[in-house]
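**Student:** Sequence first, then the predicted structure, then my questions.
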Amino acid sequence: MARTGSLRPTARQVNLLLEGLLVLSFVTGVMSWAVDLGWARPFTLLHAVSGLAVLVLAPLKITGSVRSGMKRGRRSRWLSAGFGLVVLATVGFGLLHATGLWHGVGYWSALWTHLLLSAVVLPLLAWHVLSRPLRPATTDLNRRALLSAGATTVAAGGLVGGQELVVRLVGLDGADRAGTGSHELASFDPGSMPVVSWLDDRIPEGDPDRWSLTIAGTEVEVAQLAAASEPLEAVLDCTGGWRSVQRWDAVPLAEVLADGPGRAIRITSATGYARLFPRSAAGSIYLATGYGGRPLRPGHGAPVRLVAPGRRGPWWVKWVTTVERTDRPAWLQFPFPLS
């Protein structure tokens, strides 16, 4: 029990603040994926601050409710301890990605480990809240709570700033991160760019000379697109934590898609994967058949893929087979697909 007049928050206040921080961290992490590149930085920054704020409060949690809970000897105490360890590991792998101290093994990255652990945190957090309900009360928002929340935010913000300073002074790989948190990789070297597909997509087999590409109901040969292509410099920012600048050989969609009815444009892959774009985007998204003067590799979407500057990787549809107009509004879809 804290002393009267002490600025140390109560165990109840620490628990409520930690629960709020975990929710905020999850929401901002998802939003940093969902928004366009230009809007990602504020969400990425809030995600970092909320994550490190958990570390700031960890000692108060351990010396407070954790210690007393372990003494009570409830059977669920080990699950609670595991929950705490998973949370700390999640933050730890986020730091490894942010600093560039460990990128991963092959295509299994520190960021993907961070994401996998965060998916484990969610059900554990739900269990913790339901098994130990803490109904917020007006007494929780006293001077002590507000000062503690403010001090935690300032400390976490200082840790984020200190981390960035150390990364730059030491010259760690994290110094090259973009506002999305992604590391630069294989720019202008398409042969070294990773081959990454969205979740359960697999590289389809297809002969470019026999590829079926239908645009607004009309069959179009890939060779026609290739002949009309011009160089376009654009950044592919993957949700796997890397970004790569390439000079794509591409054609604006507006040049091959005649104006017509419909509220949106649906781009569909040979795998069935599809994304909706507002019809106004036709002039700012492109169909690419190559990069750097060479044809696309199969893993990079050959023979034709979408290039969507300013959008995250899931919008860059690979192995495009169909471009069509639809009355379904573009906003009526998840910001990124679930499969």
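**Tutor:** Alright, I've got the coordinates.

**Student:** For the strand ranked longest in the chain, which strands pair with it and how are they oriented?
**Tutor:** Across the chain, the longest stretch assigned as strand under DSSP state E is strand 242-252. Next to strand 242-252 in the sheet, as set by DSSP bridges, lie strand 183-184 (parallel), strand 230-237 (antiparallel), strand 286-291 (antiparallel).

**Student:** and the longest one, how far out from the chain's middle?
**Tutor:** Using C-alpha atoms, centre = their mean, to the nearest Å, the mean C-alpha position of strand 230-237 is found 20 Å from that of the whole chain.

**Student:** Give me the residue ranges of the stretch 1-150 of the chain where confidence is low.
**Tutor:** 1-7, 64-74, 106-107, 134, 136, 139 (pLDDT under 70).

**Student:** picking that back up, now tell me what touches the longest strand of the chain from outside.
**Tutor:** 109, 178, 180, 182-188, 190, 193-194, 225-226, 228-238, 282-293, 307 (C-beta atoms under 8 Å, 6 or more residues apart in numbering). Bear in mind the C-beta positions are built from the backbone N, C-alpha and C, glycine included.

**Student:** For the closest residue to Pro204 other than its chain neighbours, give its distance to Arg210.
**Tutor:** Nearest non-adjacent residue to Pro204, counting by C-beta to C-beta, 6 or more residues apart in numbering: Ala270, 4.3 Å away. For Ala270, the distance to Arg210 equals 12 Å [C-beta to C-beta, to the nearest Å].

**Student:** if we can go back for a sec, pick the most buried one from the strands paired with strand 242-252.
**Tutor:** strand 286-291 (a mean of 26; mean count of other C-beta atoms under 10 Å).

**Student:** wouldn't Ala149 be in contact with Leu18 here?
**Tutor:** No: judged on C-beta atoms under 8 Å, Ala149 makes no contact with Leu18 at a distance of 11.2 Å.

**Student:** Of those two, give the one with the bigger neighbour count.
**Tutor:** Each of Ala149 and Leu18 has its neighbours counted (other C-beta atoms under 10 Å); Leu18 has more, 22 against 19.

**Student:** gap between the helix or strand the more buried one falls within and the chain center?
**Tutor:** Leu18 belongs to helix 11-34 when assigned by DSSP states H and E. Here helix 11-34 is found 16 Å from its chain centre; the criterion is C-alpha atoms, centre = their mean.

**Student:** follow-up on the earlier one: and the strands paired with strand 242-252 as CSV, adding mean pLDDT and distance to Pro252?
**Tutor:** Below are the strands paired with strand 242-252 laid out as CSV (pLDDT from 0 to 100; distance: least, C-beta to C-beta, whole Å):
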stretch, mean pLDDT, distance to Pro252
strand 183-184, 94, 26
strand 230-237, 97, 9
strand 286-291, 98, 6
